[in-house]
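Undergrad: give me coordinates for this.
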Amino acid sequence: MVGQHHATGADANGFGARREVANEHGCGATRDTVHVVMFGDPEALVAERFGVLREVERVVQRLGGVAAFDDGSEVENGERNHGGYCRWNERKMRRTFAPPRQARREPKPLTKLLMHSAVITDLSADDLSRAIHAKRVSCREVMQAYLARIHRLNPTLNAIVNLAPDDTLLAQADECDAELARGASRGWLHGIPQAIKDTGNALGFPTTFGCTLLQDSIPKEDSVMTARMKAAGCIVIGKTNMPELGLGSNTYNNLFGITPNAWDPTVTAGGSSGGAAVALAQRLLPVADGSDFMGSLRNPAGWQNIFGMRPSQGRVPFWPTSDTWVAQLGSEGPMARTVHDLAKLLSVQSGYDAHVPLSINDGPQEFLRDGDAANLGDVCIGWLGDLDGYLAMEPGVMEVCEQSLRRFADDGAAVEPLALGFDAARVWDAWLVWRRALVAPKVAALLSLPNAREQIKPEALWEHERGMGLNFMDFMKASETRTAFHAHLLGLFERFDVLALPTAQCWPFAATEHWPKVVGGRTMDTYHRWMEATIYATFAGLPAISAPAGFHANGRWPMGIQLIGRPKGDAELLRIAATYEGLIGDLLARRPTDAAEL
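TA: Prediction:
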């Protein structure tokens, strides 16, 4: 009775396991073998999937068996590593763990290899897409894995709101599987779960902007970005949480509540794309969308140790909207755990739309091809830092960002301290005028509703009150300042390829605090002054990527660095970010503790 298999189902942590009766020598010994499938570049997987490997090892030790990581072919043992056996194949990752002190033995291949749900949710979006299209995992299994993790962690994280019913989503996943069985694919996101930031329309879900006044606001059409993501195959499962009306970089509202930081639930996730960033960091989504007016794709990404990109102005058209001519400071864009995923999602989101006449009309493009990277020996980075002391900074922020810049320099980039060379206070004053001019009309529309004032956050009312006092001459003067500032930055880009700044001027603060009143010993005179470092890319319409820079001395709070590129230089900026990604494997290998364990 050699090699007889008896299915034992999944263990308590959800690992697919089978009991294999090994009786080659007539002894009735049994062992459990857990087979897990992983995909991607072996070297990248060593660091990025280490948290999953640790969990597998713990389960295997409890089962008293062997865990085999394989790509669907035979299992191979190799030299001992991490208390188990490890062997690398140049094309695929094959890793086999055995419990310490267990006799070394070759596990027998099973007729069907099972993918553990934790491995599914840990895959990059691109690896997951490849696995789905290769039929190594079904769209139903992907949806089940993500829903299981959402149901377990989201009650604490509150990152995803208005989640659709499981049976509805599984039925959509089955439709995607049926299409693949017929040889059809919708695109890169085929069968991949997505939750749309609550600023964007998605049919069947309310677009609330985190505001109680809009809790029943059901859209009649998808936004352009949502429609493009659906056309690429994604399944919309719900929305991601945000601050009320997107104001303030702290994700809380009276409708859904607080979304805490993925790394420390006592502090803020940032915002306004805080729900999306937390969902990514905690593996509730494989990739995510967001929007950015004043750092809303960059600040929460920096505070979750992931990547966020504000594309060039007009790269991702926003529609429907009440104004397409003047309201150009906000932009939708991608967030991801890898730069490759960031670029792939941007390719889906971007492109001209006739409803948005100022959108960039250069057709669909692939912003980052496999293997694309910049030669840092040809890259010159201007480090703006705290603008020679103009920006208030908490201790440690500058130091962490400068450590990340040393990685660039060690790989050949030229990194130089750079003075802004333009009156930063003049930029801020002009920014305030633009901000009030664009925000006040949206608040005014809500104030026309019954009992609205009592349901709108004070910061929104403040924007409205000051906006109502603006006149056209004030606005034109601010626009002239914006024009002069843009022209000045063009001059800097004749010398530098990238400008760098911290993504935030302080570390994540208490989640219950609406905004920090003091930063670096200075009183903040507005609710958003502590995010002043993010306005420069926005005001000039430039692409900017937030990349992981490091952690606070307490080890719990991430910080990001902004990399700002030339006008319409999204592809070049992504290549530079992809090269940097290869230098920070130690940062990307770190994982937040599951919210359920905090």
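
Undergrad: need phi/psi at the closest residue to Ile235 other than its chain neighbours.
TA: Spatial nearest neighbour of Ile235, excluding adjacent residues (Cβ to Cβ, 6 or more residues apart in numbering): Gln172 at 4.9 Å. The way it works is simple: take the backbone N, C-alpha and C, and place the C-beta from them, glycine included. Phi and psi for Gln172, reported as degrees, to the nearest 10, are phi -70, psi -40.

Undergrad: what's the burial count for Gln172?
TA: Gln172 sits with 19 neighbouring residues when counted by other Cβ atoms under 10 Å.

Undergrad: equivalent analysis for Leu449, please.
TA: 12.

Undergrad: Provide a list of residues in contact with it.
TA: Leu213 (Cβ atoms under 8 Å, 6 or more residues apart in numbering).

Undergrad: on that earlier part again, separation between the residue nearest to Ile235 and Asn305?
TA: Counting by Cβ to Cβ, to the nearest Å, the gap from Gln172 to Asn305 is 31 Å.

Undergrad: buried set for the one helix or strand Cys176 maps to?
TA: Here Cys176, judged by DSSP states H and E, is contained in helix 166-181. Residues of helix 166-181 classed as buried by neighbour count (16 or more other Cβ atoms under 10 Å): Leu169, Leu170, Gln172, Ala173, Cys176, Asp177, Glu179, Leu180.

Undergrad: buried ones in stretch 441-452?
TA: Buried positions in stretch 441-452, judged by neighbour count with 16+ other Cβ under 10 Å: Pro441, Lys442, Val443, Leu446, Ala452.

Undergrad: you'd agree the fourth one is up against Ile456?
TA: Yes - Leu446 lies in contact with Ile456 (Cβ atoms under 8 Å); the separation is 6.2 Å.

Undergrad: tell me the one among the buried residues of stretch 441-452 nearest to Pro334.
TA: Lys442 (24.2 Å; Cβ to Cβ).

Undergrad: mind checking how far the closest one is from Arg406?
TA: Distance from Lys442 to Arg406, by Cβ to Cβ: 43 Å.

Undergrad: got it, and Arg140?
TA: 46 Å.

Undergrad: so for these two, which sits in the more crowded spot?
TA: Neighbour totals were compared for Arg140 and Arg406, and Arg140 leads with 18 against 12 (other Cβ under 10 Å).

Undergrad: which non-adjacent residue is nearest the more buried one?
TA: Distances taken as Cβ to Cβ, 6+ apart put Ala173 closest to Arg140, at 4.6 Å, once the chain neighbours are dropped.

Undergrad: relative to Ser129, how far out is that neighbour?
TA: 14 Å.

Undergrad: kindly export stretch 303-323 (C-alpha atoms) in CSV.
TA: C-alpha atoms of stretch 303-323 as CSV (Å, rounded to 0.1, in the frame of the first residue of the first chain):
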residue,chain,number,x,y,z
TRP,A,303,2.6,55.4,5.7
GLN,A,304,1.8,51.8,4.6
ASN,A,305,5.2,50.9,3.0
ILE,A,306,3.7,50.6,-0.5
PHE,A,307,3.9,52.5,-3.8
GLY,A,308,1.4,55.2,-4.8
MET,A,309,1.5,57.3,-8.0
ARG,A,310,0.0,60.6,-8.9
PRO,A,311,0.2,60.6,-12.7
SER,A,312,0.8,63.6,-14.9
GLN,A,313,-2.2,66.0,-14.9
GLY,A,314,-4.6,64.7,-17.5
ARG,A,315,-3.1,61.2,-17.7
VAL,A,316,-6.2,59.6,-16.0
PRO,A,317,-9.3,61.5,-17.0
PHE,A,318,-11.9,62.0,-14.3
TRP,A,319,-15.5,61.7,-15.4
PRO,A,320,-18.3,62.3,-14.6
THR,A,321,-17.7,65.6,-12.9
SER,A,322,-19.3,69.0,-12.8
ASP,A,323,-16.3,70.8,-14.3
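
Undergrad: ok, and for it, which residues are buried?
TA: Residues of stretch 303-323 classed as buried under the neighbour-count rule (16+ other Cβ under 10 Å) are 303-319.

Undergrad: can I get the buried residues of stretch 441-452 in TSV including distance to Leu163?
TA: Output for the buried residues of stretch 441-452, formatted as TSV (distance: Cβ to Cβ, whole Å):
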residue	distance to Leu163
Pro441	32
Lys442	26
Val443	28
Leu446	25
Ala452	27
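
Undergrad: which two in those residues are spaced the farthest apart?
TA: Pro441 and Ala452 (14.3 Å).

Undergrad: circling back to that earlier point, okay if I get the buried residues of helix 166-181 as CSV plus distance to Glu399 and pLDDT?
TA: Listed next are the buried residues of helix 166-181 as CSV, based on distance: Cβ to Cβ, whole Å; pLDDT from 0 to 100:
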residue, distance to Glu399, pLDDT
Leu169, 44, 98
Leu170, 48, 98
Gln172, 47, 98
Ala173, 46, 98
Cys176, 47, 98
Asp177, 50, 98
Glu179, 51, 98
Leu180, 49, 98
